[in-house]
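Peer 1: next comes the sequence, and after it the predicted model I'd like to discuss.
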Amino acid sequence: MSLTHLDARGAAHMVDVADKPESRREASASGCIRMRPETLALLAEQGLPKGDVLATARIAGIQAAKRTHELIPLCHALPLSKVSIDFELDSAASCVRVTATCRLNGRTGVEMEALTAVSIACLTLYDMCKAVDKDMQIGDIHLNTKSGGVSGDYSRADTYAEQPTPIVAASAEAGRVALTLGSQRAPSVRVKCLAELRERLGTSELVVPFDELASADVAGLKSALKAQDERFNELDDKRLLCAVNQSIANDATPLTHDDEVAFFPPVTGG
C-alpha cells in the first residue's frame, strides 16, 4: 500500500481531498504548563508584569489554529468555523491546563489545528510568565477527541479503556504469546502505529511485555515485534520515523517501563 503523502517517486505532496465528502469535523486537544506555586498565584491575580496572561494566550492559540497550514508541512488551509481555548488553573498540581477545540464543515480533519492551538497557547503562557519563572515546563500535549470523516470518531479515554484484544494469534505449539491491547501489570512498552502504517499493519496500538524485548531499546522492541508477527517487518523501512514519549528517537534510544513508542511515516500532516 502506498503512502498518501508520497507520490509514485516517493516525493512528498499535499493530498487532494476534493473528492472526499464534506462532514462536520471537530477535534479537541489538551496540554499543560507547570510553574512555581507563586507564579500561578500571580497569574490568577493578574499580577504579572505583562498584563492579562490568559487573554493573550487565548488569542495566540486561536491565531495559531488558523495558521496551522503555514507551520505544518502539507496541511490544508481550513475555513475553521470555531476555535475555543479554555484554561484551568490547577493549584494542587501547580499548573495551567489548556484545552483547544476546533470545528469546521469540510473534507479533512482539524486535529493538527487543535494541537497547534494548544502548543502555541502554552508557549505564550511561558513567554508572558518567564520574567518571574524561567523553570516552567510545557508537556502532556495530546489529542482528546476527534469526530467526522471516513475514519470515524476517536476518544483518547475510550482508547485506553479498551479491553485487551489479541492482534497476533497465539500458537500453543510454538509457545508464542499474543501481544494485546490495553494495560498489563507486568513492565511493558506501549506501541502506536500511526497514519498509513496503522492501515498497513492492521493495528493502531498494542502493548509488548518488557521481558520480551531483545534489548532495552527501540531496536530490541522492533525485534520482538517482528518475532511475533511478520507484518512488523515493515518497521525495517528506513523511511519510517520513531518517537519515544513524543520525542524523535532511533534504534539506539533506550526504553523503560510504560514508555510510549510511536512508528509513523515521514509526513503525516493534513
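Peer 2: Here it is on my side, so go on.
Peer 1: in the stretch 51-200 of the chain, what spans have low per-residue confidence?
Peer 2: Applying pLDDT under 70 to the stretch 51-200 of the chain flags residues 157-185.
Peer 1: swap in 50 and give it another go.
Peer 2: Applying pLDDT under 50 to the stretch 51-200 of the chain picks out residues 158-184.
Peer 1: can you give me the helices for it?
Peer 2: Taking DSSP state H, counting those that start in this stretch as the criterion, the stretch 51-200 of the chain contains helices spanning 53-66, 68-71, 111-129, 156-160, 195-201.
Peer 1: for the last one, name the packing helices and strands.
Peer 2: Helices and strands touching helix 195-201, by 3 or more CB pairs under 8 Å, 6 or more residues apart in numbering; DSSP states H and E, are strand 260-264. (Glycine included, C-beta is placed from N, CA and C.)
Peer 1: average pLDDT across the strand it packs on?
Peer 2: The average pLDDT within strand 260-264 is 90.
Peer 1: just the buried residues of it, please?
Peer 2: 261-264 (16 or more other CB atoms under 10 Å).
Peer 1: what do you get for stretch 187-207?
Peer 2: For stretch 187-207, using 16+ other CB under 10 Å, the buried residues are 188-198, 200-201, 203-207.
Peer 1: quote the end-to-end distance of it.
Peer 2: Its first and final residues considered, stretch 187-207 spans 10 Å by CA to CA, to the nearest Å.
Peer 1: re the thing from before, could I get the helices of the stretch 51-200 of the chain as JSON lines with distance to Glu88?
Peer 2: Listed next are the helices of the stretch 51-200 of the chain as JSON lines, based on distance: least, CB to CB, whole Å:
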{"stretch": "helix 53-66", "distance to Glu88": "11"}
{"stretch": "helix 68-71", "distance to Glu88": "23"}
{"stretch": "helix 111-129", "distance to Glu88": "12"}
{"stretch": "helix 156-160", "distance to Glu88": "17"}
{"stretch": "helix 195-201", "distance to Glu88": "31"}
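Peer 1: pretty sure Pro254 is touching Ala216, no?
Peer 2: Yes - counting by CB atoms under 8 Å, Pro254 touches Ala216, with 5.9 Å between them.
Peer 1: which of those two has more residues huddled nearby?
Peer 2: Comparing Pro254 with Ala216 by other CB atoms under 10 Å, the one with more neighbours is Ala216, at 15 against 12.
Peer 1: find the nearest non-adjacent residue to that one, please.
Peer 2: What sits nearest to Ala216 in space, not counting adjacent residues and going by CB to CB, 6 or more residues apart in numbering, is Leu255, at 5.5 Å.
Peer 1: how far away is the one you found from Glu234?
Peer 2: 20 Å (CB to CB, to the nearest Å).
Peer 1: so for these two, which sits in the more crowded spot?
Peer 2: The neighbour comparison of Leu255 against Glu234 (other CB under 10 Å) goes to Leu255, with 22 against 16.
Peer 1: tell me who's in contact with the more buried one.
Peer 2: 189, 210, 213, 216-218, 220-221, 244, 261 (CB atoms under 8 Å, 6 or more residues apart in numbering).
Peer 1: do the same with Ala214
Peer 2: 220, 223-224, 227.
Peer 1: same question, Phe263
Peer 2: So Phe263 contacts 191-194, 197, 235, 240-242 (CB under 8 Å, 6+ apart).
Peer 1: Glu22: which of these is nearest?
Peer 2: Of all those, Leu194 has the smallest distance to Glu22: 24.8 Å, by CB to CB.
Peer 1: beta-bridge partners for the residue lying closest to Arg58 once chain neighbours are set aside, please?
Peer 2: Once flanking residues are discounted, Arg58 sits nearest to Ile85: 4.4 Å by CB to CB, 6+ apart. Following DSSP bridges, Ile85 is listed with bridge partners Ala100.
Peer 1: understood, closing this out.
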